[in-house]
Structure formats: structure tokens, C-alpha cells
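Student: Predicted model and sequence below, questions to follow.
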Amino acid sequence: MMISCLTEIVENTLFRRASEFAENHAKKPLYSRGFFYCCSIRFQLLVAPGLHFYRMSLILDSPLNIRFLESNMPVRTLRGILLVLAALIPAQMFGQGSAAQSVTLQVQPVTKLGVSGNPGSLVISDAQAGVSEMSVQDNSTAYSLTTNLDNMKIVASIDSPMPAGTRLLMNLASSGGTSAGLVEISNATLPVNVVTGIGKGAQVSQSIAYVFSADADVGGIPSQTRTITLTLTN
């Protein structure tokens, strides 16, 4: 890195500035002396009239206390010496630096489950003649999950039992586990399995189906609400 930097100095900056100084002073009757800086390094240039040689001093204010190149020499020779010197110049002289950071990394267990919203109202308002059970269903919602654990499952529970003579069932599809099919949750105040064997990864927009049924001899039931809780657990 230092050699590349110094090469850049020599090729693009140092000798361009030295040449400009030499051109401006070569025709003067006396020796001309000038100073210029390049990459935080102070250069002193002495140009003799009519000569194609530069007397140049490279002055580095560093622990090495380098002061050299105090003789007349062609530009090609000066370039070679500067490149050899690159290995001895501390990186700090070229404005380089480094810093270290300690980064702590960890992946904790992740179990995330979400639903798309609430299903529509399950209202029984019609039935076929002669059947003893009336029913209605809804397939409008879905769930998604992400987990980095194996052998997970989804359990479902209801906040309070269904009225006598009625039943509520649900079915969760699963592309990364085993669905229990249509599971009755009418009295599942304690969680029941609806999907098992879920492995690491994500499942997106998995269908949720609800079926609400009532015996034909059940009288009218006013509108009620039940809360169904789905939990991703082990």
C-alpha cells in the first residue's frame, strides 16, 4: 500500500511540481530553491540554471529522521530511490490508519405466528330440507409463521365453550408440517393440536377454515363472539 502511494506521489504529483518549479527557474542566472509538500512530506528543490539535473532534498519529520538525496541526480535515479525508501516509511506518514471493533453476534430462538385478519361472520340462515344438522363455513383467512426451531406445533384454544347444540371446528393447512385436519374446538379452553411436526423455516399464507354447525332442534341464538387463540410452540 505504501509503495502504491509513493508511486502515485512520484508519477503524478512530485515530479509534476518539481518540473513546474524547474521550468520557472531554470533560466535565472542563480540557483533557485523552492519547497513544496506532497502527502504530508516536505520536499526541497534546488534547480541549477540550464541543467537537466535536480538537487532535491526529501525531508521527513518522522522517527526515522530521514534527510537524504543531497546530490545532483537525474529524475530517473531519484524515482528509483524513492520507491526503495517506501518500505522504510511508516504508514502514518501517508495518512493511513486502522481501527478495530469487537462485534458480538447471537441468534436466539424465533417463533413468530401471524394471521391475515378475522373471518367473516358465521351465520346459519338456511338449511336443506330433512337434514338434522345445519352448517356454514369460512375460508377467508390465512396464517404465516417463521421459526428457527424443529418439531414445533400450532395449538388452538377458545376463550369460552360454544352454546349447547352447536359446534365450532377449524382446519389449518400446512406446507411445512402435518395438519390435524378438521379439529373441533367447541370446548377447547385448553389448547388442542391443529398442526404438528413443523420444522425450521417460514410458511406463508396457509389457509384457515372454520366450520360452524348447529343441530336442527336448536332454537335461535343471538349473535355471539368467541376468541380463538393460535400458538406456535414446542
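Tutor: Great, that's in hand.

Student: any chance you could map the helices in the protein?
Tutor: Ranges of helices in the chain, per DSSP state H, are 2-8, 15-25, 75-85.

Student: which residues sit in contact with Tyr143?
Tutor: Tyr143 makes contacts with Leu113, Gly114, Val115, Ser116, Ile154, Leu172, Gln203, Gln206, Ile208, Leu230, as judged by CB atoms under 8 Å, 6 or more residues apart in numbering. All C-beta atoms are positioned from the backbone trio N, CA, C, and that covers glycine.

Student: Which pair of the residues you listed spans the longest distance?
Tutor: The distance between the two most remote of those (CB to CB) is 15.0 Å, for Ser116 and Ile154.

Student: ok, which stretches of the chain are strands?
Tutor: In the chain, the strands defined using DSSP state E lie at 32-38, 41-47, 54-59, 67-68, 72-73, 111-115, 133-147, 152-158, 166-172, 178-179, 183-184, 192-198, 201-215, 228-233.

Student: follow-up on the earlier one: now the weakest link among the helices of the chain, please, by mean pLDDT.
Tutor: Of all the helices of the chain, helix 2-8 carries the lowest average pLDDT, namely a mean of 53.

Student: ok so, going back, can you tell which of the strands of the chain is closest to Ala99?
Tutor: Across the strands of the chain, the minimum distance to Ala99, taken as CB to CB, is reached by strand 41-47, at 23.8 Å.

Student: how much space is there between Gly130 and Ser121?
Tutor: As defined by CB to CB, to the nearest Å, Gly130 lies at a distance of 26 Å from Ser121.

Student: where are the low-confidence patches of this protein?
Tutor: Along the chain, segments meeting pLDDT under 70 span 1-96.

Student: Many thanks, we can stop here.
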